[in-house]
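S.K.: Coordinates for the following, if possible.
(chains A, B, C and D)
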There are 2 protein chains.
Amino acid sequence: MGSVKIQKTPTVRRLPTYLYKLLEMQKEGASIVAAPELARYMNLTEIVVRKDLAVTGVTGQPGVGFKIPELVKAIRTYLQWEIPSPAILVGAGSLGHALLGYEGFEEYGLKIIAAFDADPAKIGSVVYGRPVYDIAEMPEKLRGSGIEIGIICVPAAHAQQVADQMVACGIRGIWNFANVSLRVPDEVIAQREVIAGGLAVLSVKMAQQEKQSCD
Amino acid sequence: MGSVKIQKTPTVRRLPTYLYKLLEMQKEGASIVAAPELARYMNLTEIVVRKDLAVTGVTGQPGVGFKIPELVKAIRTYLQWEIPSPAILVGAGSLGHALLGYEGFEEYGLKIIAAFDADPAKIGSVVYGRPVYDIAEMPEKLRGSGIEIGIICVPAAHAQQVADQMVACGIRGIWNFANVSLRVPDEVIAQREVIAGGLAVLSVKMAQQEKQSCD
DNA sequence: TAGATTGTTAATCGATTAACAATC
DNA sequence: TAGATTGTTAATCGATTAACAATC
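M.R.: Presented below is the predicted three-dimensional model:
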């Protein structure tokens, strides 16, 4: 049941943040960056940064730092983000709109090319340049397209059904924003995004902070 | 700089998912749940589930399981979610809309009571029942309100400025959806939500899966 | 050369997993 | 009693942190 285990998950999760920061620095004309600088930005120690960057295989210059373009390329290679993967999104509600409107995904190896919905009021519309099709048309739209990534933004109650349809249409990776755990075949990856997890961490940190300031 | 370290972060991140599932089971009339059942749902081993539930202080009945209402109460207490905290949201763009439209936050201890934006076209509007005020009015609207949580949904370029304003208005916890690392005073918590992290994990898992199926 | 940073090797810390007695 | 599940204690695994020689 999509039980692939990967190594260094914390590092993998941090890589997009490095990538984004490096691209920003590049825009500002920088070409070299040292670990301590990235560490300050990321709120990490410089040792963590060096270990993280090491997974990409890039080596820096002692006393100097790392070449930004080299790092950018290596992170993209490591994450398989060199060529953006085409993806479809199901559920053109408010969250679907937000994801369709986010312009940074191309930097993150993702290119959402179409959306699907079951609501007749939405079908046929265009959201941030992407067409919204009837979900019933998913099989024909995806056939032979080579699209392997599907994003689920439907209410929890419909998510499993949408996932089943996606799998039937050849989707191999599902990015799930619905509040349920999906059942998918072994060869399909389902990655669930639980934003409430971050809220829980915030709550506990605030409680702890409060406790400390009372000491 | 908001450098509170908390214990058992992985467990804390999982608690909202347990909570949501337990509430669902409760709606369906269940009153008892055993660790193996939750484990199957969460794609975890039952030992992890028992360790997770143990932090709440609830004890189960050997051979039977845990009382659902007791677990629900204990998780809420642990996360300080018994009484929803009032919060404000800044940035009524598409992501802001999505968060304002999400109805599950009350279960997660959060009650967004108002939004702020700088865009005259948005100021004065009402989004999912919440008023959108001019961001310039934040100080007066927050004064004496006791609101301690702020949610940032503005573009990265404006996020630091918004964070500074929030801090000046007495906000103690910031849930940051902008693509930047914020600088806040020691006594303020800034929790950044990096959804691209999940996408990175999905990408790496898909690559690994592909590699495996070729063996 | 001096100062800064890298990359490696070892030590610590914490989370997950395993084993098993206790309990309903 | 037999079957199932709990909770505890110990073992393993992996990530973070520390120490330091090597390099520009």
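
S.K.: What strands flank the longest strand along chain A, and is each parallel or antiparallel?
M.R.: Counting by DSSP state E, the longest strand found in chain A is strand A:110-117. Neighbouring strands of strand A:110-117 in its sheet, by DSSP bridges, are strand A:85-90 (parallel), strand A:130-134 (parallel).

S.K.: buried ones in that strand?
M.R.: Using 16 or more other CB atoms under 10 Å in any protein chain shown as the test for burial, strand A:110-117 gives A:110, A:112, A:114-117. Using the backbone N, CA and C atoms, a C-beta is placed for each residue, glycine as well.

S.K.: Tell me where chain A has helices.
M.R.: A:9-27, A:35-42, A:46-54, A:68-79, A:94-101, A:138-142, A:156-168, A:195-214 (DSSP state H).

S.K.: what's the angle between the longest strand of chain A and helix A:94-101?
M.R.: 140 degrees (axes from the mean of the first three to the mean of the last three CA atoms, to 10 degrees).

S.K.: now the spatially most central residue of chain A: how far from DNA strand D?
M.R.: Centroid-nearest residue in chain A, with CA atoms, centre = their mean: residue A:108, separated by 7.0 Å. Distance, residue A:108 to DNA strand D, using CB to the nearest atom of the strand, to the nearest Å: 21 Å.

S.K.: Could you find the closest non-adjacent residue to that residue?
M.R.: Residue nearest to residue A:108 in three dimensions, not counting chain neighbours: residue B:196, with 5.0 Å by CB to CB, 6 or more residues apart in numbering or on different chains.

S.K.: Pretty sure the one you found sits against residue A:16.
M.R.: Yes: between residue B:196 and residue A:16 a contact is recorded at 3.8 Å, counting by CB atoms under 8 Å.

S.K.: Please report the number of neighbouring residues for residue A:90.
M.R.: Neighbour count of residue A:90, defined by other CB atoms under 10 Å in any protein chain shown: 27.

S.K.: Name the residues that touch the helix or strand of chain A with the lowest mean pLDDT?
M.R.: The helix or strand of chain A with the poorest confidence is helix A:195-214; it has a mean of 92 (mean pLDDT, DSSP states H and E). Helix A:195-214 is touched from outside by B:4, B:6, B:9, B:12-17, B:20, B:78-81, B:85, B:104, B:108-110, B:148-149, B:172-173, B:175, B:187, B:189, B:191-193, B:195, with contacts defined as CB atoms under 8 Å, 6 or more residues apart in numbering or on different chains.

S.K.: hmm, 6 Å instead?
M.R.: Contact with helix A:195-214 is made by B:4, B:6, B:12-13, B:15-16, B:79-80, B:108, B:173, B:175, B:189, B:191, B:193, as judged by CB atoms under 6 Å, 6 or more residues apart in numbering or on different chains.

S.K.: Tell me the bridge partners for residue A:116.
M.R.: residue A:90, residue A:133.

S.K.: That one against residue A:133, yeah?
M.R.: Yes: using CB atoms under 6 Å, residue A:116 is in contact with residue A:133, at 5.1 Å.

S.K.: if I pick the nearest residue to residue A:124 once chain neighbours are set aside, what's in contact with it?
M.R.: Leaving aside its sequence neighbours, residue A:124 sits nearest to residue A:132 (CB to CB, 6+ apart; 6.8 Å). Residues in contact with residue A:132, defined by CB under 6 Å, 6+ apart, are A:92, A:115, A:117, A:122-123, A:125.

S.K.: got any ranges where chain A has weak pLDDT?
M.R.: A:1-2, A:215 (pLDDT under 70).

S.K.: Near DNA strand C, which residues of chain A are found?
M.R.: With CB under 7 Å from any atom of the strand as the criterion, chain A meets DNA strand C at residues A:34-36, A:46-47, A:50-51, A:53-54, A:58-66.

S.K.: mind redoing it with 6 Å?
M.R.: A:34-36, A:46, A:50, A:54, A:59-60, A:62-63, A:65-66 (CB under 6 Å from any atom of the strand).

S.K.: which of those count as buried?
M.R.: Applying 16+ other CB under 10 Å to those flags A:34-35, A:50, A:60, A:65-66 as buried.

S.K.: Distance check, residue A:200 against residue A:17.
M.R.: According to CB to CB, to the nearest Å, residue A:200 stands 20 Å off from residue A:17.

S.K.: Just the CA trace of stretch A:140-147, in PDB.
M.R.: Provided in PDB are the C-alpha atoms of stretch A:140-147 (Å, rounded to 0.1, in the frame of the first residue of the first chain):
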ATOM      1  CA  GLU A 140     -10.200  10.000 -22.300                       C
ATOM      2  CA  LYS A 141      -8.200  13.100 -21.400                       C
ATOM      3  CA  LEU A 142      -5.500  11.200 -19.700                       C
ATOM      4  CA  ARG A 143      -5.200   8.300 -22.100                       C
ATOM      5  CA  GLY A 144      -1.800   8.300 -23.800                       C
ATOM      6  CA  SER A 145      -0.900  11.600 -22.100                       C
ATOM      7  CA  GLY A 146       1.800  10.200 -20.000                       C
ATOM      8  CA  ILE A 147       0.600  12.200 -17.000                       C
END
